[in-house]
Structures are given as C-alpha cells and as structure tokens.
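> Below is the structure, and that's it, no one-letter string:
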Ligand code: HEM
C-alpha cells in the first residue's frame with residue numbers, strides 16, 4: 001500500500017511537470033522569437049521527455065507491481081483508454097520536438113536577433129491538443145482506481 005501511495009505520488013508529481021512544460025512551451029512560442037528562446041524551448045522539451053519517461057515508468061510499476069493487480073487494470077476499459085490516450089499524446093509531442101530541433105539547427109550558425117518561426121501556429125495547436133487530452137486522463141485514472149468501468 002505504501003509502495004502504491006509513494007509511486008503514485010511520483011507519478012502525479014511528474015504529470016504536473018508535464019503540464020508545466022507544455023504551458024511554458026505555449027507561452028514561449030510566438031511568430032517571432034530570439035535564439036535564446038529557441039534554446040529554452042529545446043531545454044523545456046528535454047525536461048518534458050524526462051518527465052514523460054518517469055510517468056510511464058511509475059505508471060507501469062503501478063500496473064505490474066504496486067497496484068491492485070495486473071488483471072484489475074488490464075480488464076478495465078477506462079485504463080485501456082487512459083493508456084492509449086497517453087500514447088496519442090506521446091505521438092503528438094513528436095511534432096514540436098522535431099520542429100524545436102530543426103529551428104535550433106537552422107539558426108545555430110548566425111543566431112539572428114529576431115527569428116521568424118515557421119509553423120508556429122500549427123505547433124501551438126498541437127500543444128493545446130496535448131494539454132486537452134492530458135486534462136482528461138486524470139478523470140479516467142480516478143474512475144478506474146475506484147473500480148468504475150464502462
Ligand atoms: C503509461 C502511462 C500510464 C500508466 C501505465 C498508468 C498507470 C497507472 C496506475 C496502474 C495507477 C494506479 C491506480 C490505483 O491507485 O489503483 C495510476 C494512477 C494514476 N494515474 Fe496513471 N498511468 C499512466 C499515465 C498517466 C497520465 C498521463 C496521467 C495524467 C495525465 C495519469 C494520472 C493518474 C492519476 C491521477 C492516478 C491516481 C489515481 C488514484 O489513485 O486515485 N496517469 N496510473
């Protein structure tokens with residue numbers, strides 16, 4: 001029980017970190033930015049990646065080891081939806097990650113004072129979609145943890 005509580009604490013802490021990273025990225029991305037903003041975006045995205053790894057690891061540990069048993073979760077359709085939605089968020093996050101890396105590489109040499117970003121609106125929409133899906137996942141988690149299924 002203590003294992004579940006502590007592991008879920010770390011799970012939730014790094015879910016909060018993911019939310020913070022996505023909101024910070026959203027606030028930093030504009031049509032025009034400086035090179036230091038691009039470097040900052042890239043660092044935040046790295047932290048996001050690390051937090052996602054910790055959320056997956058602690059989630060898997062709850063599923064396989066600390067939680068209510070492997071079958072309890074595997075047979076719950078809300079858990080399957082929760083897991084699948086997180087994979088969708090992971091796939092969506094590839095787009096900003098690839099763009100941040102491209103922006104950084106493209107402007108590394110000259111580092112101009114003002115950089116016009118390509119696809120900034122699209123990347124903002126993708127991040128907002130990630131946030132929307134992420135906001136829905138805790139509801140599924142609470143329902144499935146309390147024995148509710150479809
Ligand atoms: C690979 C991804 C994930 C896996 C395998 C996973 C798995 C789990 C498991 C097995 C539990 C234990 C539930 C219990 O107490 O019986 C849990 C708790 C929880 N998870 Fe996840 N999770 C994942 C990702 C996420 C994400 C992305 C979020 C939120 C955006 C999230 C939110 C929560 C919350 C809020 C709880 C606490 C539920 C409670 O005990 O009331 N999880 N997770």
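Thanks, I have the structure now. Please read all numbers here as calculations on a predicted model, not as lab measurements. Numbering: from 1, shown residues only.

> Nearest to the ligand: which residue in the protein?
Proximity of the chain to the ligand (CB to the nearest ligand atom) peaks at residue 59, 2.4 Å away. Glycine gets a C-beta too; all of them are placed from N, C-alpha and C.

> next SSE after the helix or strand where that residue lies?
Secondary structure from DSSP states H and E places residue 59 in helix 35-61. Per DSSP H and E, the first helix or strand lying C-terminal to helix 35-61 is helix 70-74.

> In that following helix, which of the residues would be classed as buried?
residue 73 (16 or more other CB atoms under 10 Å).

> Now the residue positioned nearest the centre of the chain. Nearest residue, chain neighbours left out?
The residue lying closest to the centre of the chain (CA atoms, centre = their mean) is residue 18, at 4.8 Å. Excluding the flanking residues, the one nearest residue 18 by CB to CB, 6 or more residues apart in numbering is residue 51, at 4.9 Å.

> surely the one you found meets residue 14?
Yes: at 4.5 Å, residue 51 counts as touching residue 14 under the criterion of CB atoms under 8 Å.

> Now do the helices in this structure.
2-28, 35-61, 70-74, 77-92, 94-107, 120-145 (DSSP state H).

> Could you list every helix and strand in contact with the last one?
Secondary-structure packing of helix 120-145 (3 or more CB pairs under 8 Å, 6 or more residues apart in numbering; DSSP states H and E): helix 2-28, helix 77-92, helix 94-107.

> which strands and helices sit next to the helix or strand of the chain with the lowest mean pLDDT?
In the chain, no helix or strand scores lower on mean pLDDT, DSSP states H and E than strand 115-116, which sits at a mean of 93. Helices and strands touching strand 115-116, as assessed by 3+ CB pairs under 8 Å, 6+ apart, comprise strand 32-33.

> Can you mark which positions in stretch 42-58 are buried?
44, 45, 48, 51, 52, 54, 55, 56, 58.

> Please apply the same query to stretch 72-81.
Buried residues in stretch 72-81, defined by neighbour count with 16+ other CB under 10 Å: 73, 76, 78, 79, 81.
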